[in-house]
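J.: predicted structure and sequence below. I'll ask about it afterward.
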Amino acid sequence: MPTDRRMSELGTVNADLEKTFVDIEEFAEQCKFSDCTHTSEPGCAVRAAIDDGILDSARLGNYNKIQVEAGYSGLSSRQIEEEKIKRMFGGKGEMKKFLSSVKGKNNYR
């Protein structure tokens, strides 16, 4: 939906997700697991609504994007970088292990 995209472009990361995405929130309350990520969990009411054509998958994508952006609100650039590393790798230690393993694989080519 165009409204979702405009909110993101304007940097409105502190938007009240419950009001903006009331439809997604209502489906999420029906999910089998309270910590459902709406990706591949069994019993996910949000994914079922998408599969049934009731909810647009792009809307869920916008919801997830704004949720991530809201998590960075108020953080310094260094803190944002650390949060992204934590989200991608689990932490700096895990990132270093990954990079080391990639470097090791490239030496054998």
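T.: Cool, the structure landed.
J.: how close does the residue nearest the centre of the chain get to residue 53?
T.: In the chain, the centroid-proximal residue (CA atoms, centre = their mean) is residue 64; its distance is 4.2 Å. With the distance defined as CB to CB, to the nearest Å, residue 64 ends up 19 Å from residue 53. C-beta: built from backbone N, CA, C; applies to glycine.
J.: do residue 43 as well
T.: 19 Å.
J.: with neighbour numbers in mind, choose between those two.
T.: residue 43 (11 against 7; other CB atoms under 10 Å).
J.: the more buried one touches residue 34, doesn't it?
T.: No - using CB atoms under 8 Å, residue 43 is not in contact with residue 34, being 11.2 Å away.
J.: in three-state terms, label residue 31 for me.
T.: coil (DSSP: H, G, I helix; E, B strand; the rest coil).
J.: which residues does it contact?
T.: Contact analysis of residue 31 by CB atoms under 8 Å, 6 or more residues apart in numbering lists 38, 41, 43, 44, 45, 46.
J.: next SSE downstream of the helix or strand of the chain with the lowest mean pLDDT?
T.: None of the helices or strands of the chain scores lower by mean pLDDT, DSSP states H and E than helix 2-9, at a mean of 47. Remark: after helix 2-9, the chain's next helix or strand is helix 17-20, criterion DSSP states H and E.
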